[in-house]
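Enquirer: Kindly return the folded structure for what I paste below:
(2 chains)
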Amino acid sequence: MYSVNYHRASSVADAAKQLKNGDAKLLSGGMTLIPAMKTRLAAPSDLVDVSRLKDLQGVKVSGKTVTIGAATTHYDVSTDEKLKKACPALAHMASLIGDPAVRYKGTIGGSIANNDPAADYPAALLALDATIVTNKREIAADKFFKGLFETGLKEGEIVTAVSFTAPAKAAYQKFRNPASRYAIVGVFVTKGKDGVRAAVTGAGEDGVFRSKEIEAALAKNFDASALDGLKVPAKGLMSDLHASADYRANLIAVMAKRAVAAANA
Amino acid sequence: MGIEGVGARVARKEDKRFITGGGRYVDDMVVPGMKHAVFVRSPHAHAQIKKIDVKKAQAMPGVIGVLTGKELKADGIGNLICGWMIHSKDGTPMKMGAWSPLAVDKVRYVGDAVVIVVADTKGQARDAAEAVEITYKELKAVVDATKAIQPGAPQIHAESDNNLIFDWEIGDAKATDAAIKSAAHVTRMKIVNNRLVPNAMEPRAALGHYDKAEDHYTCWTTSQNPHVARLVMSAFYNVAPENKLRVIAPDVGGGFGSKIYIYPEEIVCLWASKKTGVPVKWVADRTESFLSDAHGRDHVSTVEMAFDKDNRIIGFKVDTIANLGAYMSLFSSCVPTYLYATLLSGQYNIPTIHANVRTVYTNTAPVDAYRGAGRPEATYLLERTMETAARELGVSPAELRRRNFITSFPHQTPVIMNYDAGDYNASLDAAMKAADYAGFTKRRADAGKQGKLRGIGMSCYIEACGIAPSAAVGSLGAGVGLWESAEVRVNAVGTIEVLTGSHSHGQGHETTFAQLVTQRFGVPIDSVSIVHGDTDKVQMGMGTYGSRSGAVGMSAIVKALDKVEAKAKKIAAHLLEADEGDIVIENGEVKVAGTDKSLPWFQVALASYTAHNLPAGMEPGLKETAFYDPSNFTFPAGCYICEVEIDPETGTTEIVQFVAADDFGNIINPMIVEGQVHGGIAQGVGQALLEGAHYDGNGQLLTASYMDYTMPRAGDLPSFKVSTSNTPCPGNPLGIKGCGEAGAIGSPPAVINAITDALGVVDIAMPASPATVWATIRAAKH
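Expert: Below you'll find the predicted structure:
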């Protein structure tokens, strides 16, 4: 990697100040940023490390409200007993991210701020109708995930937490790219008091999206059979070395069915 | 066999250092004053080099030298060669295009090395490499061999029109065509063998050190054959005369063929060391390995297999186009010819065969031997064709094979190979029993009830290894002999060193070679050391590849042991006043049979070195050398059966069982043999289901990291059911056939036969990824 200046933030306010250095980037788990820097695809002048801020760590459950600190690792999310009771689907999803080494370091805040089109959290938060809390405001998930690697965050804005109301039913099914093990297709479905949501990652040309077709079918009947014969349009889906748009469309329907079956189990 | 002799499951001696971080690989080597090198590589698949400006780079911090191909050539460094001459049908020699270690006028594949930067640290070398300014004129590129050979394709080497390297044939075209014409049935297929990247766990590395005071070079390199490296670097690349060049291949983390060749990087590091006055170390990063290690396979073939009315094969015709990449690598010419077409008889009694092979340049990485080297390609053709033929003829896969098996030995095939011994029915029986083949129909029905598709496939493979009889390969164009050497050195107080020309980069030779000595003299295995990998320590040897270290390397050791045994017995007979013929050596003692007169082994050794009382005329010392030249290839063979279960919704294939019934002749260490088979099958499953190197139309390698190139993982594989039967090889003293490559050779057809069986289709491309399986199912529906 190129030379870089490292700063360890003492607080969120301090991090915001440090971000004004040169071409600084926030460092949380570093599971995406560090490899990009090692291959020289990313070259920030400064790194502002927020991974040790206690204020940003931990899972809180109060009634049906779940709040997760931005610097909480995937491992901690996947093993949190309170979360496993309130929203086991999210804990399960976190356990599917990367591999054990990645899960011990990678964080929810880092994942959603990066918004990799194959990351798992964006699908979860979109389906959970979550709120992304920053040091400036709160942003609804529907408005947060804007496109490939693009979010609604303003320059210098820092994600501090994610919160959502635990739905009655939820599940996540992921079909992995055989090489990278990222999602070729990941579908997170929820049935909450405001209705049904189904979010898809790994497949859209514009990143994570909600599937209108799946939501409409499930709204009538939240059962796997409601998706029988459902044709998800291939238009707008990615085609690459590993999967054609048609194959992704097929997988979306299959993963959605399996997710609904799991949510009902 | 004792607990540590031949046939024993001795735990590997070398593992302690490997699994505790004590291995010493090229990157662990440190020479005082050592500096670091980074290569500037072409980002274009095909381009002219117009200008190279190194001034900015030279001025950067820590930079010691920035060197180009022009300077390299001015210093007389030679071009890389292919060491096996093949002639086209019309008699013209193969068109070997010039391959300079650093490109001078033209680059021919993405990754082609152009400039070397040497700096204090690797980071500084990388920074300076980015500052080298090269002006390229891009040319059109071609990556597909079947397109490169067409008129109008971009010409990659001036020497070769239509990018044709050679147009070679073997067998009898007339008789084979006649057989096809008269056949009761002909099975025809087009078969592709997909390109693979070797992916040894340790990337390639080289440390070149020119010692000015001694006028002597030392090269640490990740090589499977350090003596061959020294020979070639001296005789062809003009690096230094052999006596001034020491090549050391220390611990090497896997080779699979990719580390046989002498690459541009080691040549350039040695030259750069002399030029700059500092030792120069280079270590590839993983993407660099993907781009520049020799790739494997990449054949496109059409086949015709002719049957008579009794389903006997009466002829087999093959036409292959083999992609050799941008330059001819060291053994590249023999892999699609004499290591390939000579196996086209398989286990079958085929009266006439004809194969035509055209090799072609493309703007891709050079292609050369990769685990199996030609034999996987041949086996794939044969066993896929037999599967299809069985279906077309309405007979079971097993029955069609049995009807055609060779049952009488020795058997002369129509394609040079003369099989010495084998029992193919036994392997097929063993495999079918272990796989509960008879119970498959029910398992398929049960799976169907769960919405899953089950299939079963077999592969009856034979291969030729124990490479190779020197005169035979010499007559076929090889530039070297393929014998092996060993020196057995008994030390003064009885411990033993075996200096072997073989090299161990995963095979466990430090253990298995020692087992031979323990077996012979009954000395503890801990008192035996195996020395390899250093041209200063070990006599000339040809190295390890082609599953030769058992059949050839160990045979040399046996011959040397014979000589040591004979001399030790002479000394003992003299000391014990007995007849030489009555002396036996066992359990570390040298004794007169049937008496209690004996000497401990160490005492006989000591006697040879003190020389106080040796037989008249005997030289002191107890150390003997042998060179062993095999009389024939060896022919491991077996039957693999793969059972798969496919989820049609996603196209995912699960291997529910994999059975291997191999005949490797005599076995030294069953545990190591099992390990070889496991690893070979993992690589074969990798080829069939997961791996595949892809270039786009512009010659960019799309699969240049593990994000896109799918390596087999433990979870992809079942617990294998492996077994061996044993028809000893009549050709070498230990009766060994060899086992290093069989797993990778026999497995891909078994997997693909199972998948096509499950899906009810004729063919599917490798790798049969979930996306490919799903698309195949969909296409079959319409």
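
Enquirer: who's the closest residue to B:G171 other than its chain neighbours bridged to?
Expert: Distances taken as C-beta to C-beta, 6 or more residues apart in numbering or on different chains put B:H354 closest to B:G171, at 4.0 Å, once the chain neighbours are dropped. Quick note: C-beta positions are derived from backbone N, CA and C, even for glycine. Here B:H354 sits in beta bridges with B:G171, B:K317, as judged by DSSP bridges.

Enquirer: what pLDDT does B:H354 get?
Expert: Looking at B:H354, its pLDDT stands at 98.

Enquirer: burial measure for it, as a count.
Expert: By other C-beta atoms under 10 Å in any protein chain shown, 25 other residues sit near B:H354.

Enquirer: go on, B:I681?
Expert: Using other C-beta under 10 Å: B:I681 sits among 28 other residues.

Enquirer: cool, B:S631 as well?
Expert: 12.

Enquirer: Check for me that it belongs to a helix.
Expert: No. Judged by DSSP: H, G, I helix; E, B strand; the rest coil, B:S631 forms no part of a helix; its state is coil.

Enquirer: Let me see the contact set for it.
Expert: Contacts for B:S631 were tallied using C-beta atoms under 8 Å, 6 or more residues apart in numbering or on different chains; they are B:P469, B:G731.

Enquirer: and if you look at the one 5 residues further on?
Expert: When the contact criterion is C-beta under 8 Å, 6+ apart, the partners of B:P636 are B:I462, B:E463, B:C465, B:S547, B:D662, B:D663, B:F664, B:G665, B:K737, B:G738, B:C739, B:A742.

Enquirer: longest helix anywhere in chain B?
Expert: Counting residues, the longest helix in chain B under DSSP state H turns out to be helix B:555-576.

Enquirer: So which other helices or strands are in contact with it?
Expert: Counting by 3 or more C-beta pairs under 8 Å, 6 or more residues apart in numbering or on different chains; DSSP states H and E, the packing neighbours recorded for helix B:555-576 are strand B:484-490, strand B:496-500, helix B:509-521, strand B:583-586, strand B:589-592, strand B:598-600, helix B:601-610, strand B:623-628.

Enquirer: between it and strand B:623-628, how many degrees?
Expert: Between helix B:555-576 and strand B:623-628, the angle comes out at 150 degrees (axes from the mean of the first three to the mean of the last three C-alpha atoms, to 10 degrees).

Enquirer: as a whole number, average confidence for helix B:555-576?
Expert: Averaging pLDDT along helix B:555-576 gives 97.

Enquirer: With secondary structure, pLDDT and neighbour count as extra columns, can I get the contacts of B:P636 in a markdown table?
Expert: Putting those into a markdown table (DSSP: H, G, I helix; E, B strand; the rest coil; pLDDT from 0 to 100; neighbours: other C-beta atoms under 10 Å in any protein chain shown) gives the following:
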| residue | secondary structure | pLDDT | neighbour count |
| --- | --- | --- | --- |
| B:I462 | strand | 97 | 28 |
| B:E463 | coil | 94 | 31 |
| B:C465 | strand | 92 | 28 |
| B:S547 | coil | 94 | 32 |
| B:D662 | strand | 97 | 29 |
| B:D663 | strand | 96 | 27 |
| B:F664 | coil | 96 | 31 |
| B:G665 | strand | 94 | 29 |
| B:K737 | coil | 95 | 33 |
| B:G738 | coil | 95 | 30 |
| B:C739 | coil | 96 | 27 |
| B:A742 | helix | 96 | 33 |
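
Enquirer: Of the residues you listed, which is the nearest to chain A?
Expert: Checking those against chain A with C-beta to the nearest C-beta, the nearest one is B:A742 at 25.6 Å.

Enquirer: Next, see if stretch B:59-77 gets close to chain A.
Expert: No. Stretch B:59-77 stays clear of chain A (C-beta under 8 Å from any C-beta of the partner chain), getting no nearer than 10.9 Å.

Enquirer: any idea how far that stretch is from the chain center?
Expert: Put simply, stretch B:59-77 sits 34 Å off its chain's centre (C-alpha atoms, centre = their mean, to the nearest Å).

Enquirer: What of stretch B:435-450?
Expert: Offset of stretch B:435-450 from its chain centre (C-alpha atoms, centre = their mean): 37 Å.

Enquirer: quick one, which of the helices and strands packed on helix B:555-576 is nearest to B:K537?
Expert: Closest to B:K537 of these is strand B:496-500 (C-beta to C-beta; 6.5 Å).

Enquirer: hmm, who's touching the closest one?
Expert: Contacts for strand B:496-500 (C-beta under 8 Å, 6+ apart): B:484-491, B:509, B:513-514, B:517, B:521, B:523, B:527-532, B:537-539, B:541, B:553, B:556-557, B:560.

Enquirer: helix/strand/coil for the residue of the stretch 251-400 of chain B found nearest chain A?
Expert: Of all residues in the stretch 251-400 of chain B, the one sitting closest to chain A is B:T287 (7.7 Å; C-beta to the nearest C-beta). Assigned with three-state DSSP, B:T287 falls in the helix class.

Enquirer: Give me the pLDDT value at it.
Expert: Confidence score, pLDDT, at B:T287: 96.

Enquirer: try B:K781
Expert: pLDDT at B:K781 comes out at 89.

Enquirer: what's around it, how many residues?
Expert: For B:K781, using other C-beta under 10 Å, the count is 6.

Enquirer: Next one: it relative to A:E150, how far apart?
Expert: Applying C-beta to C-beta, to the nearest Å, the value for B:K781 to A:E150 is 39 Å.

Enquirer: and chain A, which residues reach chain B?
Expert: A:2, A:39-40, A:175, A:178-180, A:241-244, A:246-247, A:250-251, A:254.

Enquirer: between the residues you listed, which has the most around it?
Expert: Greatest neighbour count in the residues of chain A next to chain B, by other C-beta under 10 Å, goes to A:L251: 30 neighbours.

Enquirer: No further queries at this time; thank you.
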